[in-house]
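# okay, predicted coordinates and the sequence, questions at the end:
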Amino acid sequence: MAVDFGDPRNGFRHSEVVVFINEEVLSNGGSPDFYLTFRSRPWNEVEDNLQSVVADPQVPRDIKRACAWSALALGVRVAARQREQQARRVRRLRGQVEECEGAAWTLALELQRLREEREEVEDREDVASQLHRARNDLKQALGERDALRKRLIQLELSQEVAPESPDEPHRIGTWPVDAGGRREVLATGSQGTQDVESEAQMASPTGMAPHCTWAQKFPSCLSALQGMTIPSILCIILSKCS
């Protein structure tokens, strides 16, 4: 028997077909040798050997028919083997696809983690930038505060050194720029001098201006000069010296 129906790799699903092929091989004077020799070989080798048998004029026609039926059974066997190989290849590819999907899922999780870390880094950089700006603003505010404090201290010191006293008896006047003002100051100085001399004559028993020293005249002159400006006093002194 060329084809064994009990062989799961023969590719046939119906026993009647296997029986018919075996009968055709045997009825044409063939043997199981051709089938058993090439049952594990690829189809191109099976076809090449069948072609050599068919093309040989010395081979009887019945033997050629028997080899043809055996080649037909071998073709079914090769197709079954290819289907099995294809199924194994599909299973292997599916396993690779599942592995790739798992790797892709892992990479997606890693990408999500890296994205979150990048967002955290950007948030930290943003916070650091805000802190840097706040530090600069605080430094500027402290500098302005120190400058204002220094100006305040200088102002307080200047007020302590030269305080304002509106009731100060000795006023310091300015010498007038125009001629009329200067004449008025001179007239005021002369009037002050006459007032001093009149007070001295009234104080004398004879009504004449007594001859006295500068030390004796100083108290009365000092009381008369109070309230006068320095330019007026200078005018009086210059008029007496002339």
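Received it, and whenever you're ready, just let me know what you need. Residues are numbered from 1 along each chain as shown.
# where does the record place the domain boundaries for the chain?
Annotated domains of the chain cover 1-124, 179-241 [automatic domain parsing].
# for the helix or strand where Val18 lies, packing partners?
Under the criterion DSSP states H and E, the helix or strand holding Val18 is helix 15-27. Secondary structure elements in contact with helix 15-27, counted by 3 or more CB pairs under 8 Å, 6 or more residues apart in numbering; DSSP states H and E, are helix 61-161. All C-beta spots, glycine's among them, are computed from the backbone N, C-alpha and C.
# I'd like the average pLDDT over the helix it packs on.
Mean pLDDT, helix 61-161: 89.
# same question, stretch 32-48
Mean predicted confidence for stretch 32-48 is 88.
# check which residues of that stretch are buried.
By neighbour count, and taking 16 or more other CB atoms under 10 Å as the criterion, the buried residues in stretch 32-48 are 32, 34-35, 38-39, 43, 46.
# show me which of the residues you listed is closest to Asp62.
Phe34 (13.3 Å; CB to CB).
# out of the buried residues of stretch 32-48, which one sits closest to Asp126?
Of the buried residues of stretch 32-48, the one sitting nearest to Asp126 (CB to CB) turns out to be Trp43, at 70.1 Å.
# how far away is that closest one from Leu74?
Using CB to CB, to the nearest Å, Trp43 is found at 8 Å from Leu74.
# and what of Ile21?
Distance, Ile21 to Leu74, using CB to CB: 11 Å.
# the two: who's more crowded?
Leu74 (29 against 21; other CB atoms under 10 Å).
# tell me the contacts of that one?
Leu74 is in contact with 35, 38-39, 43, 46, counting by CB atoms under 8 Å, 6 or more residues apart in numbering.
# can you redo those as a markdown table with distance to Arg151?
Listed next are the contacts of Leu74 as a markdown table, based on distance: CB to CB, whole Å:
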| residue | distance to Arg151 |
| --- | --- |
| Tyr35 | 117 |
| Phe38 | 113 |
| Arg39 | 112 |
| Trp43 | 107 |
| Val46 | 111 |
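# which single one of those is nearest to Leu111?
Once CB to CB is applied, the member of the contacts of Leu74 that ends up nearest Leu111 is Trp43, at 48.4 Å.
# quick one: that closest one and Arg77 touch, right?
No - if you go by CB atoms under 8 Å, Trp43 and Arg77 don't touch, sitting 9.4 Å apart.
# thanks a lot, see you next time.
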